[in-house]
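Asker: A structural model of the following input is requested.
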Amino acid sequence: MKTIKIEGMMRRGIQARLIPGVALLIMIGFSLGGCATLAPEKPSALAPTDRGTVVFMGKYEFQRPPAGWALLKNLEGGDFELGFLKFEKGDFPSQTTFIYDDEPFGSSRELERRSEQYCTRFLFNSGIFLQIQKRERVQVMGQPALAFYLEGENPNRNEKAKSKIYLVQKGERIISFVCTQWRPLQGTYDPEPFRHFETFVQSFKLLQPTFYEELGEKIKKLKG
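Answerer: Purely as a prediction, here's the structure:
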């Protein structure tokens with residue numbers, strides 16, 4: 001598996017779209033820009049366990065997708081920390097990405113309101129007019145979550161996109177998991193990458209307390 005290291009300044013509320021070429025250009029939601037390079041994955045990035053899962057940087061445990069998916073690893077603490085990418089058979093832009101984001105765009109701590117805020121910026125610069133097809137209340141990691149599905153097209157660029165997003169209530173915060181598949185307008189969506197995304201989400205575990213959880217514990221101790 002290759003690691004795509006993401007560098008450069010990027011804004012919140014994203015989903016990756018990568019364009020092949022001499023240099024891979026990261027086109028992530030409404031990002032300011034950035035670049036990506038392919039490099040052999042460092043052994044410490046994903047450590048296998050005896051449970052058939054992997055541990056990422058000692059922070060998260062999950063079941064990784066099969067061979068053919070590249071690890072997306074953020075270097076500068078930008079829009080997200082990790083995810084996976086697969087270039088697929090077919091005309092450009094046939095590819096799928098999914099990510100974990102611990103700070104999805106928005107400020108509300110209520111799931112429905114946060115989803116509205118999030119969708120105002122999701123794929124903002126792609127030219128895709130996204131429509132929410134469905135919303136449903138679910139549970140992820142045993143926590144309340146909202147799953148919503150979006151689809152949209154950009155006829156001017158002969159492309160379309162389909163996304164599934166989870167917003168998860170984690171204490172006082174909301175975290176997210178996002179999967180987006182890109183196809184040419186006449187292309188057919190493939191359900192298999194979304195199944196790999198579901199496996200990733202349902203197996204995901206946080207191994208360390210978040211910064212905000214640690215801060216909350218410190219405040220409690222100070223208050224006695």
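
Asker: switch to C-alpha atoms for all contacts and neighbour counts from now on
Answerer: Noted.

Asker: starting at the chain centroid, how far to stretch 158-165?
Answerer: On the basis of C-alpha atoms, centre = their mean, to the nearest Å, stretch 158-165 sits 14 Å off its chain's mean C-alpha point.

Asker: for that stretch, buried residues please.
Answerer: Within stretch 158-165, the residues scored as buried using 16 or more other C-alpha atoms under 10 Å are 159-165.

Asker: next: stretch 203-210.
Answerer: 204-205.

Asker: mind listing what the closest residue to Trp182 other than its chain neighbours touches?
Answerer: Leaving aside its sequence neighbours, Trp182 sits nearest to Ala161 (C-alpha to C-alpha, 6 or more residues apart in numbering; 4.6 Å). Shown in contact with Ala161 (C-alpha atoms under 8 Å, 6 or more residues apart in numbering): 128, 151-153, 180-183.

Asker: now do the phi/psi pair for Ala161.
Answerer: phi -140, psi 150 (degrees, to the nearest 10).

Asker: from Arg135, how far out is it?
Answerer: 17 Å (C-alpha to C-alpha, to the nearest Å).

Asker: and Ile219, how many residues sit next to it?
Answerer: With neighbours defined by other C-alpha atoms under 10 Å, the count for Ile219 comes to 11.

Asker: that one belongs to a helix?
Answerer: Yes - using DSSP: H, G, I helix; E, B strand; the rest coil, the secondary structure at Ile219 is a helix.

Asker: what about it, distance to Gln139?
Answerer: For Ile219 relative to Gln139 (C-alpha to C-alpha), the value is 29 Å.

Asker: so His196 sits in a helix?
Answerer: Yes - per three-state DSSP, His196 lies within a helix segment.

Asker: so what's it closest to, chain neighbours aside?
Answerer: Among residues not flanking His196 along the chain, Pro65 sits closest, at 5.7 Å (C-alpha to C-alpha, 6+ apart).

Asker: what strand or helix carries the one you found?
Answerer: Pro65 belongs to no helix or strand when assigned by DSSP states H and E.

Asker: what sits against it?
Answerer: 84, 196-197, 200.

Asker: what's the closest of those to Ala147?
Answerer: Checking the contacts of Pro65 against Ala147 by C-alpha to C-alpha gives Phe197 as the nearest, at 12.9 Å.
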